[in-house]
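Undergrad: Turn this into a structure:
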Amino acid sequence: MRLSTSLVALAGSACLGLSSAYAQKTYVQCGRLLDMRSDRAQSEMTVVIEKGRVVAVQPGFQAGGASDKVIDLKTKTVLPGLIDCHVHVESHPSKSSFVEGFILNPADIAYRALGDAQKTLFAGFTTVRDMGGSGVNVSLRNAINRGQAVGPRIFTAATAISATGGHMDGTVGLSNELIDKMPVSPATGVANGPDQCQQAVREQFKRGADVIKIASTGGVLDLSKDGSGPQYSEAEIRAVVQTAHDLGLRVACHAHGAEGIKRAIRAGVNSIEHGTLMDDEGMKLAKKMGTYYVPTIIAGKSVADSAKIAGYFPAAVVPKALSIGPMLQTTFGKAYKAGVKIAFGTDSGVSRHGVNGLEFQYMVEAGMPPLQALRTATVNAADLLDQSKDLGTVESGKFADLIAVDGDPLQDIKVMQHVSFVMKQGVQFK
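TA: Numbering: from 1, shown residues only. Reported below is the predicted structural model:
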């Protein structure tokens, strides 16, 4: 994808400091505005921006003074910048994914991650929550924050945490010789027992994590035989949650199986990721505890499709992908109808980066109205990230994160797959 001239302008402003980019007010004239505070789109509105934040939302098409900038979106629907609560900026789906650790250097992963981050931003997702990698994710976050790279605002889990033999234990399925040469520890995201779990959280906090990610069950894309059984006790998860919350961090929990989901909810995690086999009891618990559910439907469909291609996945992965993947959309539909709080997430990196908007279509197909689907990626996602002060709606005081689409997403949710305008913190990228 060719970078727009606004990206070049951004690079220049990063060298000089952003003050020059904020020297004027910007008036964004919106044909329709979905500010996510109301239940309908408002016609002919203007969003006024100064120093990267919204300073006013006014009726009619306003233009400001002679020195101010006007952006004409009179034929489009404008929304807040979208938030994807489950991505992996370091990961990229391919047949070689399972050997990349042996053939790619961190610098290779970083350059690829930069391109994928740009795809995500151009798709309208101005903020993402990265759910685990090697540390490249932390460096990319920092480079974007410094204005040295183009991409969405990143909140990252640094390295995710699981038990020995669990989803984040990279030695699962390797030969004994390789296992012996690749020691794991709480510092590398493998922890057992409450004390080690506490240490693992502190390690990721030290390494710059914004959120803690754990796995209370196995997963699909690892070499273990079964990903559905619980792999952490409730006491271990409580140790993670208490330590993380003491440090001001929230906890996301990868979980497929019903028992692992319920243990995590009872222990106080802030969100369940995937939640494939969540049962009625788990849904009632999530609703009672106020736990968010991040379904990642697109990832389930993606791995199921890839598993049908001969040789795409190792043999151990194929039956899990074929059984677990197709169930996510059904579970999501049940959870929505049960009143579970839902935040938007795609697991991009498992699915392709830049097609995040397809998740909206799958949510609507499962019974969620378009407005509620859009709220999962704005108001709800901002709440899950504890960023409602700055993100999630178009209103005075918040970051000027705006996107635009042709058509009306309340009538045709598929238009969210074709974002034509992207602004992050007052800077236009597309």
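
Undergrad: Tell me the helices and strands packed up against the top helix by length along the chain.
TA: In the chain, with assignment by DSSP state H, the single longest helix is helix 106-122. Counting contacts by 3 or more C-beta pairs under 8 Å, 6 or more residues apart in numbering; DSSP states H and E, helix 106-122 packs against helix 136-145, strand 419-424. C-beta: built from backbone N, CA, C; applies to glycine.

Undergrad: which other residues reach that helix?
TA: Residues outside helix 106-122 that contact it (C-beta atoms under 8 Å, 6 or more residues apart in numbering): 1, 3, 84, 87, 89-90, 92, 100, 128, 134-137, 139-140, 144, 149-152, 154, 348-349, 353-354, 356, 419, 422, 424, 429-430.

Undergrad: Same check on stretch 355-369?
TA: Applying C-beta under 8 Å, 6+ apart, the set of residues contacting stretch 355-369 from outside is 82, 84, 87, 120, 123-125, 295-298, 301, 329-330, 332-333, 336-337, 342, 344-346, 348, 370, 373-374, 376-377, 409, 413-414, 416-419.

Undergrad: buried stuff in that stretch?
TA: Neighbour-count burial for stretch 355-369 flags 355-364, 366, 368 (criterion: 16 or more other C-beta atoms under 10 Å).

Undergrad: didn't Gln24 look like it was pressed against Asp68?
TA: Yes - shown here, Gln24 and Asp68 form a contact pair, counting by C-beta atoms under 8 Å, at 5.3 Å.

Undergrad: re the thing from before, what strands flank the next helix or strand after the longest helix of the chain, and is each parallel or antiparallel?
TA: Sequence order places strand 125-130 as the next helix or strand after helix 106-122, per DSSP states H and E. Partner strands for strand 125-130, per DSSP bridges, with pairing direction: strand 82-87 (parallel), strand 153-156 (parallel).

Undergrad: Could you dump these into CSV and include mean pLDDT?
TA: Listed next are the strands paired with strand 125-130 as CSV, based on pLDDT from 0 to 100:
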stretch, mean pLDDT
strand 82-87, 98
strand 153-156, 98
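
Undergrad: how does this protein divide into domains?
TA: With domains defined by automatic domain parsing, the chain comprises 5-80+393-428, 82-384.

Undergrad: burial of the closest residue to Gly189 other than its chain neighbours, as a residue count?
TA: Excluding its sequence neighbours, the residue lying closest to Gly189 (C-beta to C-beta, 6 or more residues apart in numbering) is Thr159, at 4.3 Å. Residues contacting Thr159 under the criterion other C-beta atoms under 10 Å number 22.

Undergrad: re the thing from before, format the buried residues of stretch 355-369 as TSV; extra columns: secondary structure.
TA: As requested, the buried residues of stretch 355-369 are arranged in TSV below (DSSP: H, G, I helix; E, B strand; the rest coil):
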residue	secondary structure
Val355	coil
Asn356	coil
Gly357	coil
Leu358	helix
Glu359	helix
Phe360	helix
Gln361	helix
Tyr362	helix
Met363	helix
Val364	helix
Ala366	coil
Met368	coil
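
Undergrad: Using TSV, lay out those together with pLDDT.
TA: Shown next, in TSV, are those (pLDDT from 0 to 100):
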residue	pLDDT
Val355	97
Asn356	98
Gly357	98
Leu358	98
Glu359	98
Phe360	98
Gln361	98
Tyr362	98
Met363	98
Val364	98
Ala366	97
Met368	98
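
Undergrad: Nearest to Gly282 among those residues?
TA: Nearest to Gly282, judged by C-beta to C-beta, of those is Ala366 at 17.5 Å.

Undergrad: burial measure for the nearest residue to Gln411 once chain neighbours are set aside, as a count.
TA: Spatial nearest neighbour of Gln411, excluding adjacent residues (C-beta to C-beta, 6+ apart): Pro370 at 7.7 Å. Neighbours of Pro370 under the rule other C-beta under 10 Å: 20.

Undergrad: and if you look at His256?
TA: 29.

Undergrad: which one is it nearest to, not counting chain neighbours?
TA: Per C-beta to C-beta, 6+ apart, closest to His256 is Thr276, 4.5 Å.

Undergrad: And that neighbour, how far from Thr243?
TA: 27 Å (C-beta to C-beta, to the nearest Å).

Undergrad: who's more crowded, these two?
TA: The neighbour comparison of Thr276 against Thr243 (other C-beta under 10 Å) goes to Thr276, with 25 against 20.

Undergrad: pretty sure the more buried one is in contact with Thr330, am I right?
TA: No - assessed by C-beta under 8 Å, Thr276 is found out of contact with Thr330, at 9.3 Å.
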